[in-house]
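In: What follows is a protein structure lacking sequence information:
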């Protein structure tokens with residue numbers, strides 16, 4: 001059996017509090033994206049390896065400003081230059097989530113800066129829910 005020293009007794013509660021705060025922030029962010037988010041089209045710019053898995057860098061535009069974000073690919077297999085739906089907060093456009101399981105069909109990608117309150121195509125709800133797990 002091991003014995004906790006004074007530093008450990010202080011560090012463990014701090015780490016636990018930090019973890020809980022991060023979880024609450026993430027849950028609130030997801031709720032905002034689901035209720036107040038707008039959908040648009042994002043393009044995968046680059047796919048690269050990071051510690052813990054593969055990551056993709058994607059860009060999207062809002063009010064003539066281009067935003068660049070990163071997202072772990074998980075089990076998805078996106079390719080560079082492919083287009084996917086992304087949801088973002090209009091009052092804070094840097095907050096976004098990309099749906100790597102829901103590709104944008106060529107038929108609707110013909111304009112710059114198109115926005116929807118929901119994804120404008122039929123899709124499997126499981127593909128949507130994956131991004132909010």
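Out: Everything's here; your move. Nothing here was measured: the structure is a model prediction, and the numbers come from that model.

In: C-alpha from now on. contacts and neighbour counts both.
Out: OK.

In: ok, the residue nearest to residue 83 when sequence neighbours are not counted - contacts?
Out: Spatial nearest neighbour of residue 83, chain neighbours left out: residue 43 (4.6 Å); criterion: Cα to Cα, 6 or more residues apart in numbering. For residue 43, the contacting residues are 58, 59, 60, 80, 81, 82, 83, 84, by Cα atoms under 8 Å, 6 or more residues apart in numbering.

In: Please pick the buried ones from those.
Out: Neighbour-count burial within those applies to 58, 59, 60, 83, 84; the criterion is 16 or more other Cα atoms under 10 Å.

In: Show me what residue 44 is bridged to.
Out: For residue 44, the beta-bridge partners under DSSP bridges are residue 58.

In: Going by neighbour count, which residues in the longest helix anywhere in the chain are buried?
Out: The residue-count maximum for a helix in the chain (DSSP state H) belongs to helix 6-36. Within helix 6-36, the residues scored as buried using 16+ other Cα under 10 Å are 30, 33, 34.

In: Pop out the phi and psi values for residue 84.
Out: Main-chain dihedrals, residue 84, degrees, to the nearest 10: phi -140, psi 160.

In: now the nearest residue to it once chain neighbours are set aside: how far from residue 95?
Out: Nearest non-adjacent residue to residue 84, counting by Cα to Cα, 6+ apart: residue 103, 4.5 Å away. According to Cα to Cα, to the nearest Å, residue 103 stands 20 Å off from residue 95.

In: so what's the most centrally placed residue in the chain up against?
Out: Centroid-nearest residue in the chain, with Cα atoms, centre = their mean: residue 97, separated by 2.6 Å. Residue 97 sits next to 71, 86, 87, 88, 131 when contact means Cα under 8 Å, 6+ apart.
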